[in-house]
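Colleague: Return atomic coordinates for the entry below.
(chains A and B)
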Amino acid sequence: MSALLYALIFLFPHLIFAQNCTLTISGQITDEHTEEPISYANIFLEESLKGVVSDTLGRFELKDICPKHYHLSISHIGCETQRFYIDLQSDTMLFVVMDHHSHDIEDIIVIGDNAVPTTQQVQSITAQTITENADENLSNMLETITGVSTLRNGNGIAKPVVHGLYGNRLTILNNGVAQSGQQWGNDHSPEIDPLVANRLSVIKGVGAVEYAGSSLGAVILVEPKKIAKEPHLHGRGSYFFETNGFGHGINAQVQQHIDAFAWKLNGTFKRSGDKRSATYWLRNSGAQEANFALQLEKSFSEKWLADVYLSSFNTSLGVLRGAHIGNLTDLEQALERDVPFFTEENFTYTINNPRQAVNHHLLKAHTKYFLSESQWIDLTYAGQLNIRKEFDVRKGDRDSIPALSLTQLTNFFEAKYERELPRETHFKTGVQFQFIDNTNNPGTGILPLIPDYFSSKNGAFVMLNRQAGKLFLEAGARYDYVYQHVATISRTLPREIVRFDNHFHNVSAVLGANYELNESLHLAYNIGAATRHPAINELYSGGLHQGVSGIEEGDENLNSERSLKTTLTLEGSVKDRLFFEVLGYFQHIGDYIYLNPQDEIRLTIRGAFPVFRYEQTDAQLLGADLSAEYHILENFNAQLQYSYLRGQDISADIPLIFMPANNLRFNLDYDIAKIGKLENIELSLTNRYVFEQTRLEDAQDFAPPPPAYLLTGIHLSAQRQLANSRLTLYAKVDNLFNVRYRDYLNRQRYFADDLGIGAVVGGSWVF
Amino acid sequence: MNNFKILFIALAAIALTLSSCKKDPEIEDPEEVITTLNYTLTPASGGAAVTLSFQDIDGDGGDDPIITVGALAANTTYTGDMELLNESVSPTDNVTAEVAEEDEEHQFFYQTTGGINIAYDDTDANNNPIGIRSTLTTGAAGTGTINIILRHEPDKNASGVSDGDITNAGGETDIEVTFDVTVQ
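Modeller: The predicted structure follows:
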């Protein structure tokens, strides 16, 4: 009924309303963080085709408007375009707050539409940046955040590293659900489509006790937005083409909110062929991806809300053919070569072995019930099914048989209770149950590297925060009971099943404070202590890890890690021209579990292999992240980011391996509010300098870390308002000078150069 | 809060039930494994054969491999026959047959010292060597080494590869075994 009515209003407004076009819409636009007015914002009233630009005080006025329903769009450079649906019956005044992504340092965590204050340091990437980097995977997008690096295996397989920690020590929350999958491998990417998200955030502090994170590592949030309360069908379509690898991708989203029910559908398809380094093709480096997500929201009453989220991620990834080797001699030969074995002078989309085929499906059901205005409960169920198959170059007709075939099912239940207490105090508590069933699918013809297991984690947490004048305080504690039932297969003959049952207790506690020294200077301090139980791979890995050409052995007698981390952040601005943030951190990990290369070279019929064993030591991580932005002119900005990290094994007094090299980013942005019909024109020049990782001893790696490199890129984007929709077009060039380089954290560096020059053009259309 | 309590107990019960089951993995028969290499050398002029063998039945790790080396006679020509077995499965899998079937994708490389020379004595469909059959000749008495490498998917057309030079071969090593031999 109402949809029909809206349609009528939309089509025949003259029939319904008397023509009295004397109304005015006026307002002011301010920046969410600095609270400064935003000038040169474009305001457009779609149905009347009227547009204005905000003045130096951020004010605007649209006159002589007829009373009816309108879509009002407000856009500004560096901000996500906002759209309002308004029923105009009288003169209206709007106060609009916009989130400026250029200085995206925040002291809030945005979950859905809620902004939760925190003492932890949070940095985010917003929708526009995500859309304009649609060719990148999740980790590559996150890398633009200070202190975040990427552990890669070629260009398609990438996992984030934050403050030197990765894999099992990081928590990635996809729509509030901890991503569960084969997190242990350095050659396993998180199975998440970033195009579903409207915001990617990295919480860099001491972790949040609310999530069963581990070792005080960072928390990465992938957050789709709540569906806008809009009765019309809205959506977005986007497309990109990249020259390197002749890749292209489309993404489509549609959503609608009718009465108390809202739905949103999202689909992505991406494909690229062999990529090219500066001078040669990278054979078998293509990738394909097809994903979809469905989001449903329903409010049963003012007090009772529910939502369901269903997503499916499916990918096929090629691994560089020349990176597939047999033994240590092969690796030594590969290291000596300038151009990898199997390099060919032609392009192909075909993905051959070695390759990975991964499917990840998620179903989340959540409900929220308000017991009163100041207290509510949240119940969540999440199920995840992860299917990973890795195909090797094999003998006979075994190429179609996976060398590794794992299925992991994760069930998760959570109940949370929150309450607003007097004196700006907020209390939150909850219980969580997670159950993982990991199975090696038989028929691979290879003894599994990771055993079959069940694992359950039952935990409870409590959190309290309070705003007391200029001081914000936060405290939390968490306990988890972990049970592992593992069935390993003996390495000696006759082969038999050897079972292990393990029980662990993890405890963590965090404390934090924010203090506003003055209006333009904030100080934040965090301290946390936590234990992390050894993961299955650390305990029971056994055998040849073909991807890394080494024999990996777990140690069933490992203890839990004990970690202490502290961070100090100073954030401020000078005369609203210079914005800066300095974050220093220190982490001590007692009984740090790591893969230690052994003196032993094991003789097998295939030749010699290095042996790596999971061992424990005491480790220290010391680092700093610096970000600064300077407004040279109103529309001309310079940005600088620097991250420094020093990881040390303090027992053996040697550096820790796989620590990101220090790096520097320097960007220049030039903005033009309007040229003809084009709006929000943004031109940026980006530079990324990665230092050589000098903190490594020769005996710790097969080859010394590669030299430092500088990558330059340019990015141009512009928008255009159409009658009922908005078009964004962008073009960018990465590695503009076609620099030959290798990155220390990319395992492919033993075999081949990293990516050469590549241009991307794309656009998105929002209606 | 009562509902909360019931829920907690229910969830705990589910978790407990699930965790009480047992994992029963199927023990995989390792298929592609080569456990044994036998290089049988028969004197061209007749007489008893000499065998060089490398046997590691439990695969990577576990017990150390068993290496047996027979002594070679000086200034003698031998016919070499390569045999590869997977003895970890029953019945024993003959891997030599698999290599012969995919002969274009496989090549043995023989690297020697101590006056020993090994030449190819077989070819694939493209007239490139395989190395399942070979001819070994010894020189004067002394000691030497024989290094045997089997490559999967080498580039047989790359420079020097068909002459037995491994430098430009590429591919993956399936076997790499070195024997210390005595020539008497």
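Colleague: How much space separates the closest residue to A:E692 other than its chain neighbours from A:L645?
Modeller: Excluding its sequence neighbours, the residue lying closest to A:E692 (Cβ to Cβ, 6 or more residues apart in numbering or on different chains) is A:A708, at 4.6 Å. All C-beta atoms are positioned from the backbone trio N, CA, C, and that covers glycine. To A:L645, A:A708 is 15 Å away according to Cβ to Cβ, to the nearest Å.
Colleague: Those two: who's more crowded?
Modeller: Applying other Cβ atoms under 10 Å in any protein chain shown to A:A708 and A:L645 shows that A:L645 carries more neighbours, namely 23 against 17.
Colleague: Alpha carbons of stretch A:246-254, in CSV - could you do that?
Modeller: What follows is the C-alpha trace of stretch A:246-254 in CSV, where atoms were taken according to Å, rounded to 0.1, in the frame of the first residue of the first chain:
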residue,chain,number,x,y,z
PHE,A,246,43.6,-7.8,-17.7
GLY,A,247,41.5,-8.1,-14.7
HIS,A,248,37.9,-6.9,-14.3
GLY,A,249,35.2,-7.0,-11.8
ILE,A,250,31.7,-6.0,-11.1
ASN,A,251,29.8,-5.5,-7.9
ALA,A,252,26.1,-4.8,-7.6
GLN,A,253,24.1,-4.0,-4.5
VAL,A,254,20.4,-3.4,-4.1
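Colleague: can you pull the buried residues of it?
Modeller: Judged by neighbour count using 16 or more other Cβ atoms under 10 Å in any protein chain shown, the buried positions of stretch A:246-254 are A:246-253.
Colleague: so which of the residues you listed also contact chain B?
Modeller: When the buried residues of stretch A:246-254 are filtered against chain B using Cβ under 8 Å from any Cβ of the partner chain, no residues are retained.
Colleague: Which ones among those lie within strands?
Modeller: Secondary-structure check on the buried residues of stretch A:246-254 using DSSP state E: residues within strands are A:247-253.
Colleague: any chance of the residues you listed in TSV, with pLDDT too?
Modeller: TSV is the format used below for those (pLDDT from 0 to 100):
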residue	pLDDT
A:G247	94
A:H248	94
A:G249	95
A:I250	96
A:N251	95
A:A252	95
A:Q253	93
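Colleague: Pick the one among the residues you listed closest to A:Q748.
Modeller: Closest to A:Q748 out of these is A:G247 (17.9 Å), distances taken as Cβ to Cβ.
Colleague: Name whatever forms a beta bridge with the spatially closest residue to that closest one that is not a sequence neighbour.
Modeller: With sequence-adjacent residues excluded and distances taken as Cβ to Cβ, 6+ apart, A:G247 is closest to A:S272, at 2.8 Å. Beta-bridge partners recorded for A:S272 (DSSP bridges): A:A287.
Colleague: same check, this time on the one 10 residues further on
Modeller: Beta-bridge partners of A:L282, counted by DSSP bridges, are A:K275.
Colleague: so A:E223 makes contact with A:I203?
Modeller: No - between A:E223 and A:I203 there is no contact, the gap being 11.8 Å when judged by Cβ atoms under 8 Å.
Colleague: more neighbours, the two?
Modeller: Comparing A:E223 with A:I203 by other Cβ under 10 Å, the one with more neighbours is A:I203, at 24 against 21.
Colleague: Just the element for A:Y483, please.
Modeller: Per DSSP states H and E: A:Y483 is located in strand A:471-489.
Colleague: Neighbouring strands - and their directions - for that strand?
Modeller: strand A:452-468 (antiparallel), strand A:497-518 (antiparallel).
Colleague: Buried residues, the longest one. List them.
Modeller: By 16+ other Cβ under 10 Å, the buried positions in strand A:497-518 come out as A:497, A:502, A:504, A:506, A:508, A:510-514.
Colleague: Equivalent analysis for stretch A:231-244, please.
Modeller: Within stretch A:231-244, judged by 16+ other Cβ under 10 Å, the buried ones are A:231-232, A:234-236, A:238, A:240, A:242, A:244.
Colleague: How far off centre is it?
Modeller: Centroid separation between stretch A:231-244 and its chain, computed with Cα atoms, centre = their mean, to the nearest Å, is 20 Å.
Colleague: What of stretch B:38-47?
Modeller: Its chain's C-alpha centre lies 21 Å from the corresponding centre of stretch B:38-47 when counted by Cα atoms, centre = their mean.
Colleague: Can you give me the end-to-end span of stretch B:91-102?
Modeller: With Cα to Cα, to the nearest Å as the measure, the ends of stretch B:91-102 fall 22 Å from one another.
Colleague: how many neighbours does A:R271 have?
Modeller: Applying other Cβ under 10 Å, we find 18 other residues in the vicinity of A:R271.
Colleague: I meant A:R283, not that one.
Modeller: The number of residues packed around A:R283, counting by other Cβ under 10 Å, is 22.
Colleague: Contact partners for it?
Modeller: Taking Cβ atoms under 8 Å, 6 or more residues apart in numbering or on different chains as the contact definition, A:R283 lies against A:274, A:320-322, A:340, A:342-344.
Colleague: So which of those residues is the closest to B:L136?
Modeller: Compare each of the contacts of A:R283 with B:L136 using Cβ to Cβ and the shortest gap goes to A:F342, at 31.8 Å.
Colleague: And the pLDDT for that closest one?
Modeller: At A:F342, the predicted lDDT confidence score is 87.
Colleague: what does the stretch 601-750 of chain A have sitting close to chain B?
Modeller: Neighbours of chain B within the stretch 601-750 of chain A, by Cβ under 8 Å from any Cβ: A:602-609.
Colleague: Just the buried ones from those?
Modeller: Neighbour counting by 16+ other Cβ under 10 Å classes A:602-607, A:609 among these as buried.
Colleague: In JSON lines, list those residues along with distance to A:A628.
Modeller: Formatted as JSON lines, the entries for those read as follows, by distance: Cβ to Cβ, whole Å:
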{"residue": "A:R602", "distance to A:A628": "50"}
{"residue": "A:L603", "distance to A:A628": "55"}
{"residue": "A:T604", "distance to A:A628": "53"}
{"residue": "A:I605", "distance to A:A628": "58"}
{"residue": "A:R606", "distance to A:A628": "53"}
{"residue": "A:G607", "distance to A:A628": "52"}
{"residue": "A:F609", "distance to A:A628": "47"}
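Colleague: Tell me the one of these nearest chain B?
Modeller: Comparing those against chain B with Cβ to the nearest Cβ places A:G607 closest, at 3.0 Å.
Colleague: For that closest one, grab phi and psi.
Modeller: Backbone dihedrals for A:G607, given as degrees, to the nearest 10, come out at phi 110, psi -160.
Colleague: Repeat that for A:I536.
Modeller: Dihedral angles (degrees, to the nearest 10) for A:I536: phi -60, psi -40.
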